[in-house]
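*Asks:* this one's sequence-less:
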């Protein structure tokens, strides 16, 4: 049996998929120790479908599951892949990225030697002309907790799922699944894992993954799409995570989790080209979450957003939109958009 199952959701992913697959072929743990499960979310291009079929026919440790209807979001394909996996340890990859050669070996050795529920490593942001290490709040390499209360900095680690190797028994025991049909599924999954884990490890100096930053007009990752639908689906995901905290008596961690994500959402919202009517609908929807955050922090720890707390607390939606539009015209917001939009994957 393979040591690790790698779940790869796909949707019209052909032009990216070979790079990711090649990075799995070259893993130092040995490709024979990897189970690859493609879960295709009803791709409409024959190239993607033919490529998956060819890989499955060529490699006995590759399997494919083809969904008949497109689910629209990553949660369902990921859940299906984990459910169908045969290894004791699982990881979920994005189709347009790649792993460093020693990635899976590092994660596997760490989770086995320490009998951990899940292990997290670091990653690179890859641009067209450079490759940068992602910064974290940690200074030493090996960081271990048996309860999240021991080190709240674990909440500051990006929720992106592709640098996290999980013990499948841990996921099944705690019924940890991706929320389906909405965004924010990584955040919900990660927080659910953190609050249930009796041993979590973060390897700060192990950079194992290459995240391809795609945010151009012609080539965008899902998380960089800033239309009403996607911003709204993120709000739905936030409410699911808030419900999780309430239901597990962990609402005390609300601000530790949400502050940076709400700053991300506000920045994405400001970067969008929505009309004022659509903006107002979204603000009305998210305002209870914003007010909850302000009950902890009083503001968003961002000077550029200092005009927002008062109208948010007063449910003055017209004033919020007015101030949002002023912020968008400022020169400072351009740098803010550039810097913040790559935290959340």
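*Replies:* Happy to help now that I have it. Values in this document were obtained by computation on a predicted structure and should not be read as measured data.
*Asks:* so what's residue 51 up against?
*Replies:* The contact partners of residue 51, by C-beta atoms under 8 Å, 6 or more residues apart in numbering, come to 14, 17, 18. Glycine gets a C-beta too; all of them are placed from N, C-alpha and C.
*Asks:* what does residue 178 give?
*Replies:* Residue 178 is in contact with 74, 75, 76, 78, 79, 185, 186, 188, 189, counting by C-beta under 8 Å, 6+ apart.
*Asks:* Repeat the analysis, applying 7 Å as the threshold.
*Replies:* With C-beta atoms under 7 Å, 6 or more residues apart in numbering as the criterion, the residues that contact residue 178 are 75, 78, 79, 185, 189.
*Asks:* Skipping its backbone neighbours, what lies nearest the second one in space?
*Replies:* Computed as C-beta to C-beta, 6 or more residues apart in numbering, the closest residue to residue 78 that is not its neighbour in sequence is residue 178, at 4.8 Å.
*Asks:* and that neighbour, that one's in a strand?
*Replies:* No - counting by DSSP: H, G, I helix; E, B strand; the rest coil, residue 178 is located in no strand; its state is coil.
*Asks:* What are the phi and psi values at it?
*Replies:* phi -80, psi 140 (degrees, to the nearest 10).
*Asks:* Equivalent analysis for the one 5 residues further on, please.
*Replies:* Reported as degrees, to the nearest 10, the phi and psi values for residue 183 are phi -100, psi 180.
*Asks:* Give me the neighbour count for residue 185.
*Replies:* Neighbour count for residue 185, taken as other C-beta atoms under 10 Å: 25.
*Asks:* Revised request: answer the last question for residue 152.
*Replies:* Residue 152 has 13 neighbours, counted by other C-beta under 10 Å.
*Asks:* what sits against it?
*Replies:* So residue 152 contacts residue 256 (C-beta under 7 Å, 6+ apart).
*Asks:* Residue 144 versus that one, what's the distance?
*Replies:* Distance, residue 152 to residue 144, using C-beta to C-beta, to the nearest Å: 14 Å.
*Asks:* hey, what's residue 118 bridged with?
*Replies:* Per DSSP bridges, the residues bridged to residue 118 are residue 166, residue 200.
*Asks:* That one: how many residues sit nearby?
*Replies:* Residues near residue 118, counting by other C-beta under 10 Å, number 25.
*Asks:* for residue 54, same thing?
*Replies:* For residue 54, the neighbour count with other C-beta under 10 Å is 11.
*Asks:* Please name the nearest non-neighbouring residue to residue 272.
*Replies:* residue 226 (4.0 Å).
*Asks:* Filter the contacts of residue 178 down to just the ones in helices.
*Replies:* 75, 78, 79, 185, 189 (DSSP state H).
*Asks:* what's the closest of the residues you listed to residue 49?
*Replies:* Proximity of those to residue 49 (C-beta to C-beta) peaks at residue 78, which lies at 19.4 Å.
*Asks:* What does the pLDDT read for the closest one?
*Replies:* Looking at residue 78, its pLDDT is 98.
*Asks:* OK, contacts around it?
*Replies:* By C-beta under 7 Å, 6+ apart, the neighbours of residue 78 are 7, 9, 92, 178.
*Asks:* show me the contacts for residue 82.
*Replies:* Residue 82 sits next to 7, 90, 171 when contact means C-beta under 7 Å, 6+ apart.
*Asks:* cutoff 8 Å now
*Replies:* Contacts were defined as C-beta under 8 Å, 6+ apart; by that measure residue 82 touches 5, 7, 90, 92, 168, 171, 177.
*Asks:* do you know how far the second one is from residue 189?
*Replies:* Put plainly, it is residue 7. 12 Å.
*Asks:* Quickly name whichever of the ones in helices among the contacts of residue 178 is closest to residue 137.
*Replies:* Looking across the ones in helices among the contacts of residue 178 and measuring by C-beta to C-beta, the closest to residue 137 is residue 189, at 20.6 Å.
*Asks:* Look up how far residue 81 lies from the closest one.
*Replies:* Counting by C-beta to C-beta, the gap from residue 189 to residue 81 is 13 Å.
*Asks:* tell me which element the residue nearest to residue 272 is part of?
*Replies:* Assessed by DSSP states H and E, residue 226 sits outside every helix and strand.
*Asks:* same question, the one 10 residues further on
*Replies:* Assigned by DSSP H and E, residue 236 belongs to helix 228-247.
*Asks:* Which positions within that helix qualify as buried?
*Replies:* Going by neighbour count (16 or more other C-beta atoms under 10 Å), the buried part of helix 228-247 is 230-235, 237-242, 244-245.
*Asks:* Stretch 131-143 too?
*Replies:* Quick answer for stretch 131-143 (16+ other C-beta under 10 Å): 134, 136, 138, 143.
*Asks:* so where's the stretch 101-250 of the chain shaky on pLDDT?
*Replies:* For the stretch 101-250 of the chain, the stretches with pLDDT under 70 are 214-225.
*Asks:* For it, just list every one of the strands.
*Replies:* Applying DSSP state E, counting those that start in this stretch to the stretch 101-250 of the chain gives strands spanning 118-126, 131-133, 142-145, 164-167, 200-212.
*Asks:* Give me the packing partners of the fourth one, helices and strands only.
*Replies:* Where contact means 3 or more C-beta pairs under 8 Å, 6 or more residues apart in numbering; DSSP states H and E, strand 164-167 is packed against strand 89-92, helix 103-114, strand 118-126, helix 185-196.
*Asks:* re earlier: tell me the one among the contacts of residue 178 nearest to residue 283.
*Replies:* Among these, and counting by C-beta to C-beta, the member closest to residue 283 is residue 185, at 22.9 Å.
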